[in-house]
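Enquirer: Mind folding the following:
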Amino acid sequence: MSAVVSPEVLRTTILAGTVAAPSASDLPPAAFGTPEPGWAERDLRAVAPTASTAPASPAAAAAADAPLHHLGVGDLLAAYAAGRTDPVAVLAALRSRMATHPTGRDAVLAQIAEAEAMAANSAARIRTGQARPLEGVPFGVKDIIDAAGQPVTCGSFQTGDRVAATDATIVARLREAGAIPVAMLATTEFACGSAHNPRYGAVRNPWDRTRWTGGSSTGSGATLAARMLPLALGSDTGGSIRIPAAWCGITGLKPTRGLVPRTGVAPLSWTLDHVGPMARSADDLALVMPVIAGPDGQDPMAAGRYAGDRWRTDLRGLRIGVPGGWFLELQDEAVLAAWRSALAVFEGLGAELVPVDLGDLGPAHTDGYCIMMCELASLQEPDLDRIDAYDPGTRARIEQGLRFSATDYLRALRRRPLVMERVAREMASVDVLVTPGIGSEAASLADMTVMVNGARHPLQLVLPHNTMIFDYTGLPALMLPAGQGVSGLPVAIQVVGKPYDDALCLSLGSAFQRATDFHLQSPLEA
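Expert: Presented below is the predicted three-dimensional model:
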């Protein structure tokens, strides 16, 4: 761990803005109709599509003259089909990139040796007309997601040198579709620790190596930004797909809760965890989602199908909800300017902007963290006799989780369906929401702070402000680059849909990325 940030600072920083005085004032009396914790999952599953629908096929970008390591998922599939390259050449280029780029030392924990054989098999299948939907597309795996035969340590000393026996469902589905797992990628400890990981060190942001990538899908965000991989897997419990996406200038989707099974993914919070894809563009994510979505018969929370028929190529008449209040607090003016410009782009494409009011989300935000920390403490309880071996940030969250009462935890779960109902009611008159992304540019690794309008804040106060609420409610949320902040680093917007409207979110992202080039911008080469 870096010597410049003390354990005390890490502990204090990671709890900022996540703990509030408990209150039950907005819960109904203990009589008929009082909410139960399970109502949240019931209400999500009640609207789950039961039949798979064919997705629209996004047009692949023309990238014939781009270096191989710059090609995204759609670019690669188009290049393979045209015979311009093959998976063997692409894998070799990515291996070389990992070996020579500084981010390779930070973000890549282990390379998967079997990838070469898989690439050769994919090349043969393409030559003989037997290509599967994602044939030959390399991808990276976050170090909490099982890939058979690979070390999966959750970024922790507690796990020793564990090797996964089988693939997680999401990895197995990608393999079956022809995609190639290439590397295991860094995470914060158990997807919730501090930036300064004791076992592997910090993952530095390729845009500015004095800054952080954002947690916890640190390696996934960094490898995509550094053009080492076209696709990576992440998880999201408070924002851990979307925050690295925003700070690294790439595109990440937190799917609807339960749409992608969590089987084989180490849990942080079983009622908040999501697993999903990260890539260079919304089009690339739209190619991946039909492959990885749908129940697997093992994850009890998994439900629904990817509703590809919700994809829209024409935004005329689409109603975009524009929230205020909570979503505009703790936001740097450069972030708000990028958001306003994005809204103007959508309006220019024919969408209608509609003000919405989701009410006071502060209690829901801290309820989300109460749930997360209580469930984390419960999950880690067998190892609490070795609590000193945890990252200071993980330890702070475990200790806070142990301080909450059972009533605190259950109150947070009971309030959840009420918040979901309120958000659904406000969204009934619109198709999606578009919010500012993360309120600042990437955090400083030296002191774990962010700058908002010239003032320094603990990163945790700002980092999940606009993200946790959609883990708590389970709604699909897409983060995509939308401009630069005052230091020239990426800032983002967030597109949020109704349950199982992931394809609609992605189609808005696709339309925005056809009209702008923020997703094509990359850090300077090292």
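
Enquirer: Could you use CA atoms for every contact and neighbour count after this?
Expert: Will do.

Enquirer: Can you get me the centre-to-centre distance for stretch 355-373 and its chain?
Expert: If you compare the mean C-alpha spot of stretch 355-373 with that of the full chain, they lie 18 Å apart, counting by CA atoms, centre = their mean, to the nearest Å.

Enquirer: neighbouring contacts of it?
Expert: Stretch 355-373 is contacted from outside by 17-20, 237-238, 268-269, 271-272, 321-326, 397-398, 400-401, 404, 408-409, 412-413, 415-416, 419, 422-423, 426-427, 465, 468-469, 471-472, using CA atoms under 8 Å, 6 or more residues apart in numbering.

Enquirer: And the residues you listed, which of them are buried?
Expert: 17-19, 237-238, 268-269, 271-272, 321-323, 326, 397-398, 400-401, 404, 408-409, 412-413, 415-416, 419, 423, 426-427, 465, 468-469, 471-472 (16 or more other CA atoms under 10 Å).

Enquirer: Show only the entries of those residues found in helices.
Expert: Residues of the buried ones among the contacts of stretch 355-373 located in helices (DSSP state H): 397-398, 400-401, 408-409, 412-413, 415-416, 419, 423, 426-427, 468-469, 471-472.

Enquirer: tell me the SS of the closest residue to Gly437 other than its chain neighbours?
Expert: In this structure, Gly437 finds its nearest non-sequential neighbour in Ile493, 4.2 Å apart by CA to CA, 6 or more residues apart in numbering. Assigned with DSSP: H, G, I helix; E, B strand; the rest coil, Ile493 falls in the strand class.

Enquirer: what about Ile493, how many neighbours?
Expert: Taking other CA atoms under 10 Å as the neighbour definition, Ile493 ends up with a count of 27.

Enquirer: my read: it touches Leu480, true?
Expert: Yes: under the criterion of CA atoms under 8 Å, Ile493 is in contact with Leu480, at a separation of 5.8 Å.

Enquirer: Give me the common contacts of the two.
Expert: Counting by CA under 8 Å, 6+ apart, the residues touching both Ile493 and Leu480 are Ala246.

Enquirer: Flag the shaky bits of this structure, pLDDT-wise.
Expert: Judged by pLDDT under 70, the chain has its weakly predicted residues at 1-4, 24-25, 29-32, 52-64, 526.

Enquirer: Which residue lies nearest the spatial centre of it?
Expert: Ile241 (1.4 Å; CA atoms, centre = their mean).

Enquirer: For it, list the residues it contacts.
Expert: Contacts for Ile241 were tallied using CA under 8 Å, 6+ apart; they are Gly215, Ser216, Ser217, Gly234, Ser235, Gly252, Leu253, Lys254, Gly276, Pro277, Met278.

Enquirer: cutoff 6 Å now
Expert: With contacts defined as CA atoms under 6 Å, 6 or more residues apart in numbering, Ile241 is in contact with Ser217, Gly234, Ser235, Gly252.

Enquirer: Secondary structure added to those, as a markdown table?
Expert: A markdown table is the format used below for the contacts of Ile241 (three-state DSSP):
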| residue | secondary structure |
| --- | --- |
| Ser217 | coil |
| Gly234 | strand |
| Ser235 | strand |
| Gly252 | strand |
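
Enquirer: Filter the residues you listed down to the buried ones.
Expert: In terms of neighbour count (16+ other CA under 10 Å), the buried residues within the contacts of Ile241 are Ser217, Gly234, Ser235, Gly252.

Enquirer: Dump the residues you listed into a markdown table; add distance to Ala117 as well.
Expert: Formatted as a markdown table, the buried ones among the contacts of Ile241 follow (distance: CA to CA, whole Å):
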| residue | distance to Ala117 |
| --- | --- |
| Ser217 | 27 |
| Gly234 | 25 |
| Ser235 | 28 |
| Gly252 | 29 |
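
Enquirer: Pull out the buried residues from stretch 358-371.
Expert: Using 16+ other CA under 10 Å, the residues of stretch 358-371 that count as buried are Leu358, Leu361, Pro363, Ala364, His365, Thr366, Asp367, Gly368, Tyr369, Cys370, Ile371.

Enquirer: before we move on, what SS does the fifth one have?
Expert: Remark: His365 carries the secondary structure label helix [criterion: three-state DSSP].

Enquirer: how far away is it from Phe470?
Expert: Summarising the geometry, the distance separating His365 from Phe470, computed by CA to CA, to the nearest Å, is 9 Å.

Enquirer: Please apply the same query to the second one.
Expert: Computed as CA to CA, the Leu361 to Phe470 distance reads 11 Å.

Enquirer: ok, now the first one?
Expert: In this structure, Leu358 lies at 12 Å from Phe470, with CA to CA as the measure.

Enquirer: Kindly report the same for the last one.
Expert: As judged by CA to CA, Ile371 and Phe470 stand 14 Å apart.

Enquirer: helix, strand or coil for Arg95?
Expert: helix.

Enquirer: For burial, what's the neighbour tally of it?
Expert: 18.

Enquirer: dump the residue contacts of it.
Expert: Contacts were defined as CA under 6 Å, 6+ apart; by that measure Arg95 touches no other residue.

Enquirer: what does Pro22 give?
Expert: Contact analysis of Pro22 by CA under 6 Å, 6+ apart lists nothing.

Enquirer: Over to Ala377?
Expert: Contacts here follow CA under 6 Å, 6+ apart; on that basis Ala377 touches Ile398, Gly401.

Enquirer: For my notes, confirm it occurs in a strand.
Expert: No: assessed with three-state DSSP, Ala377 is helix; it does not lie in a strand.

Enquirer: mind starting the numbering at 41 from now?
Expert: With 41 as the first residue, the last one maps to Ala417.

Enquirer: With Asp183 as the reference, measure out to the closest residue to Ser162 other than its chain neighbours.
Expert: Distance criterion CA to CA, 6+ apart; nearest residue to Ser162, sequence neighbours excluded, is Gly176 at 5.3 Å. Note on Gly176: its distance to Asp183, by CA to CA, is 22 Å.

Enquirer: Tally up the residues packed near the residue nearest to Ser162, please.
Expert: Other residues near Gly176 come to 32 when the count uses other CA under 10 Å.

Enquirer: so it touches Pro127, yeah?
Expert: Yes: under the criterion of CA atoms under 6 Å, Gly176 is in contact with Pro127, at a separation of 5.0 Å.

Enquirer: what's near enough to touch the residue nearest to Gly477?
Expert: Counting by CA under 6 Å, 6+ apart, the residues that Ile533 touches are Trp379, Thr475, Pro476, Gly477, Met519, Leu520.

Enquirer: Most neighbours among those residues, which one is it?
Expert: When the contacts of Ile533 are compared by neighbour count (other CA under 10 Å), Met519 ends up highest, at 35 neighbours.

Enquirer: which one among the contacts of Ile533 gets closest to Ala322?
Expert: Ranking those by separation from Ala322, with CA to CA as the measure, puts Leu520 on top at 7.9 Å.

Enquirer: Which helix or strand contains the closest one?
Expert: Secondary structure here is read from DSSP states H and E; on that basis Leu520 sits in strand 517-524.
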